[in-house]
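**Q** only geometry, no sequence info:
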């Protein structure tokens, strides 16, 4: 069993080899704008899963998937020649769900922005439930002998004396 670091290095190398092969050597009209997003290799280096995305419509995705399946043997030969290990891993192409996940997140962000705008509109017309300034303020003593509110220092002194 290979160590995980070696498996990761081989997976990275397989990703590069497959991407270069698809870009420069594979001539198939069905193959659209394919991007290899990731490659994973099992611990025993016998199987490689290659994740890809296709830019375009659903028909383009289906055609690209068919082209990859039809040319899987040629791609595996190129991988075997490029990585130089004793056994060439079998390969499997898996359509990556990254674009669908990103579209879902974009929809959620748009919904959140709409709700925030609605709350901002509601808050703009809102008025406080009580007084505009609900906090009590100490009043100064009046010199004319009228009743006045005690200052906070006197209240504190009175509370401490009790």
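**A** Everything's here; your move. Quick caveat, the model's predicted, so the values are computed rather than measured. Numbers count the residues shown, from 1 in each chain.

**Q** Find me the pLDDT at residue 13, would you?
**A** The per-residue pLDDT reported for residue 13 equals 95.

**Q** Going by secondary structure, residue 14 is in what exactly?
**A** Per DSSP states H and E, residue 14 falls inside helix 4-20.

**Q** Check what contacts the very next helix or strand once past that helix and list those residues.
**A** Next helix or strand after helix 4-20 toward the C-terminus (DSSP H and E): strand 33-41. Contact partners of strand 33-41, identified using CB atoms under 8 Å, 6 or more residues apart in numbering, comprise 7-8, 10-12, 14-15, 18-19, 22, 47-56, 60, 64, 68, 89, 96, 98. (Glycine included, C-beta is placed from N, CA and C.)

**Q** try 7 Å this time
**A** For strand 33-41, the surrounding residues in contact (CB atoms under 7 Å, 6 or more residues apart in numbering) are 7, 10-11, 14-15, 18-19, 22, 48-56, 64, 89, 96, 98.

**Q** For stretch 23-42, could you pull out the residues that count as buried?
**A** Along stretch 23-42, these residues count as buried under the neighbour rule (16 or more other CB atoms under 10 Å): 26, 31-32, 34, 36-37, 39-41.

**Q** Determine which two of the residues you listed are furthest apart.
**A** Pairwise distances across those (CB to CB) peak at 25.8 Å, for the pair 32 and 41.

**Q** Look up the closest residue to residue 93, ignoring the ones flanking it.
**A** residue 68 (4.6 Å; CB to CB, 6 or more residues apart in numbering).

**Q** where's that neighbour, which helix or strand?
**A** Applying DSSP H and E, one finds residue 68 within helix 58-70.

**Q** can you state the direction angle for the helix or strand following that helix and helix 4-20?
**A** Following helix 58-70 in sequence order, the next helix or strand is helix 72-83 (DSSP H and E). Angular relation of helix 72-83 and helix 4-20 on a 0 to 180 degree scale: 120 degrees, by axes from the mean of the first three to the mean of the last three CA atoms, to 10 degrees.

**Q** tell me the mean pLDDT over helix 72-83?
**A** Across helix 72-83, the per-residue pLDDT values average to 94.

**Q** Give me the packing partners of it, helices and strands only.
**A** Contact partners of helix 72-83 among helices and strands, from 3 or more CB pairs under 7 Å, 6 or more residues apart in numbering; DSSP states H and E: helix 4-20, strand 90-95.
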